[in-house]
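Participant: just a sequence and a predicted model for now, questions to come.
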Amino acid sequence: MPKFRLNRRYVISELLKQREDTLVVNGLGGTCWDIASLGDNDFNFYVWGGMGNACMIGLGLALSQPKKKVIVITGDGEMLMGIGSLATIALKQPKNLSIVVFDNELYGETGSQKTHTAYSTNLSKIAIGSGIINSSIITTKADLLLLCSKIHQIKNLSFSVIKINQEQEEIVLPIREGAYIKSRFRKALLGEKILLE
Amino acid sequence: MDKASNNIKYNWPYNIYEVFKDNKIKQIAYVPDAGHKDLIDYCENDKNMKMISLTSEEEGVGLLAGAWLGGEKGALLMQSSGVGNCVNSIASITRACDFPLLMLVTMRGEWNEFNPWQVPMGKATAKVLEALNVNVTRCEKIDDVSETINAMLGLAYKTNSINAVLLSQKLIGAKDF
């Protein structure tokens, strides 16, 4: 197993540094606080529940907006719960979707119990086996920066596991009213008139 | 009435497909069921519809939330057993954010069912949905199908509600191996 190398707040700041109008969906828990730590953004769809479904929200969004880049940023525990969604996403191969898993090998919100990735499970290989060919594990800053230089482009479906360290970071809570997060996102993406439909 | 129009009138899967087309439904998420076979075939042959085959029904709940974020309408097709798989996603995503959702559920475990393992979830289906505050409507007759689905689609997308149309086993025909 690769050593834990990267700090999650460093990773998120590099990943989203050049986001422009990239649409971002998170998995519940740590990755939500990470995205919120960078400040609020109308193009963030903050997911606070429905564990296991972040990637599918990203797929529906990517299929409906093929000219916009969609990045799903989630944790290893959340990804494991929705592991079948990788097979579903591979069937559609949306060019504008990238999935990034922050893998600290533990359930950070519930007492740091080890996840399956701490033992025998390799999420990147599951993605490849599901049909997502462009799949990698990132453990170094150099590899992270290479990913960040490409991730906002619309090129092909990708899946990246970033091995992060197990440091607990400050919890930064974004807005949490689901209907508001949804309507604000739709208004920013589709225009004010959408609220009258 | 000639034979062709008679067939169309009683081809309820085709009638559902026409409702989807008229309502600009773009994303069809499904776990296949024998009762949805013809509808899936019709939608697959329509270039304006994206077909999303799911490994489990709850994926469709997340998918259609994302579709609506991006401005597209969808429908989720499943068998009654799939309702059980969707429970937390319906509550914690669709309901929590007031997303619209239309579910078309083909029923098992009722009219002339031969498989006893299908009966418990079939009996629980409507109650489970109602516990989630989903509007539940049953279709027993061919004549009601397209009107009901059209109305439930409109209700879903005009009022951000979750609507399930249960297509009864009497309507779709019981499976008998």
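Facilitator: Everything's here; your move. In this text the structure is predicted, and so the values were computed from the model without any measurement.

Participant: what comes up buried for stretch B:20-30?
Facilitator: Across stretch B:20-30, burial judged by 16 or more other Cβ atoms under 10 Å in any protein chain shown covers B:20, B:23, B:25, B:26, B:27, B:28, B:29, B:30. Where C-beta positions appear, they are placed from N, C-alpha and C, glycine not excepted.

Participant: burial check on residue B:18, number of neighbours?
Facilitator: Neighbour count of residue B:18, defined by other Cβ atoms under 10 Å in any protein chain shown: 16.

Participant: ok so it is a helix residue?
Facilitator: Yes: Residue B:18: assigned to a helix according to DSSP: H, G, I helix; E, B strand; the rest coil.

Participant: tell me how far stretch A:94-105 is from the chain's mean position?
Facilitator: Mean-position distance between stretch A:94-105 and its chain equals 5 Å (Cα atoms, centre = their mean, to the nearest Å).

Participant: anything in that stretch near chain B?
Facilitator: No: using Cβ under 8 Å from any Cβ of the partner chain, stretch A:94-105 stays clear of chain B, coming no nearer than 10.0 Å.

Participant: quick one, what contacts the residue nearest in space to the middle of chain A?
Facilitator: Among the residues of chain A, the one closest to the centroid is residue A:73, at 1.1 Å (Cα atoms, centre = their mean). By Cβ atoms under 8 Å, 6 or more residues apart in numbering or on different chains, the contact list for residue A:73 reads A:12, A:15, A:24, A:25, A:26, A:27, A:31, A:34, A:35, A:100, A:102.

Participant: may I ask which of those residues has the most neighbours?
Facilitator: Greatest neighbour count in these, by other Cβ under 10 Å, goes to residue A:25: 33 neighbours.

Participant: check contacts around that residue.
Facilitator: A:45, A:47, A:54, A:57, A:58, A:61, A:70, A:71, A:72, A:73, B:66.

Participant: got the phi/psi numbers for it?
Facilitator: phi -120, psi 130 (degrees, to the nearest 10).

Participant: hmm, back to that, what's the most distant pair in the buried residues of stretch B:20-30?
Facilitator: Of all pairs drawn from those, the one with the longest distance (Cβ to Cβ) is B:23 and B:30, at 16.9 Å.

Participant: may I see the buried residues of stretch B:140-158?
Facilitator: B:144, B:145, B:146, B:148, B:149, B:150, B:152, B:153, B:155, B:156, B:157.

Participant: wait, isn't the second one in contact with residue B:168?
Facilitator: Just to be clear, that refers to residue B:145. No: applying Cβ atoms under 8 Å as the test, residue B:145 and residue B:168 come out as separate, 10.4 Å apart.

Participant: identify the contacts common to these two.
Facilitator: Any residue near both residue B:145 and residue B:168 by Cβ under 8 Å, 6+ apart counts here, and that gives residue B:139.

Participant: show me where chain B has strands.
Facilitator: B:25-30, B:50-53, B:73-79, B:101-106, B:135-139, B:162-167 (DSSP state E).

Participant: quick one: the third one near chain A?
Facilitator: Yes: taking Cβ under 8 Å from any Cβ as the criterion, strand B:73-79 and chain A are in contact, through residue B:74.

Participant: any residues touching the longest helix along chain B, and which ones?
Facilitator: The residue-count maximum for a helix in chain B (DSSP state H) belongs to helix B:145-159. Residues from elsewhere that reach helix B:145-159 (Cβ under 8 Å, 6+ apart): B:12, B:15-16, B:18-19, B:22-23, B:25, B:73, B:75, B:100-102, B:104, B:135, B:137, B:139, B:161-163, B:165, B:167, B:171.

Participant: mean confidence for it?
Facilitator: Averaging pLDDT along helix B:145-159 gives 96.

Participant: what residues does chain A put near chain B?
Facilitator: Residues of chain A lying near chain B (Cβ under 8 Å from any Cβ): A:25, A:45, A:47-65, A:68, A:82, A:84-85, A:87-88, A:91-92, A:178-179, A:181-182, A:185-186, A:189-190, A:194.

Participant: report the buried members of the residues you listed.
Facilitator: Buried residues within the residues of chain A next to chain B, defined by neighbour count using 16+ other Cβ under 10 Å: A:25, A:45, A:47-65, A:68, A:82, A:84-85, A:87-88, A:92, A:178, A:181-182, A:185-186, A:189-190.

Participant: what about these, which are in helices?
Facilitator: Residues from these lying in helices, with DSSP H as the criterion: A:54-64, A:85, A:87-88, A:92, A:178, A:181-182, A:185-186, A:189-190.

Participant: so residue A:144 sits against residue A:8, correct?
Facilitator: No: using Cβ under 8 Å, residue A:144 makes no contact with residue A:8, being 11.4 Å away.

Participant: more neighbours, those two?
Facilitator: With neighbours defined as other Cβ under 10 Å, residue A:144 and residue A:8 compare such that residue A:8 has more, 23 against 19.

Participant: for the residue nearest to that one when sequence neighbours are not counted, what are its contacts?
Facilitator: Counting by Cβ to Cβ, 6 or more residues apart in numbering or on different chains, residue A:164 is the residue found nearest to residue A:8 once chain neighbours are left out, at 4.5 Å. By Cβ under 8 Å, 6+ apart, the contact set of residue A:164 is A:4, A:5, A:6, A:7, A:8, A:11, A:102, A:103, A:104.

Participant: beta partners of residue A:164?
Facilitator: residue A:6 (DSSP bridges).

Participant: against chain B, how distant is it?
Facilitator: For residue A:164, the distance to chain B (Cβ to the nearest Cβ, to the nearest Å) stands at 24 Å.

Participant: for chain B, which residues are neighbours of chain A?
Facilitator: Proximity of chain B to chain A, by Cβ under 8 Å from any Cβ, involves residues B:26-27, B:50, B:52-56, B:58-72, B:74, B:88-89, B:92-93, B:96-99, B:160.

Participant: shouldn't residue A:68 be in contact with residue A:24?
Facilitator: No: the pair residue A:68 and residue A:24 fails to qualify as a contact (Cβ under 8 Å) at a distance of 10.9 Å.
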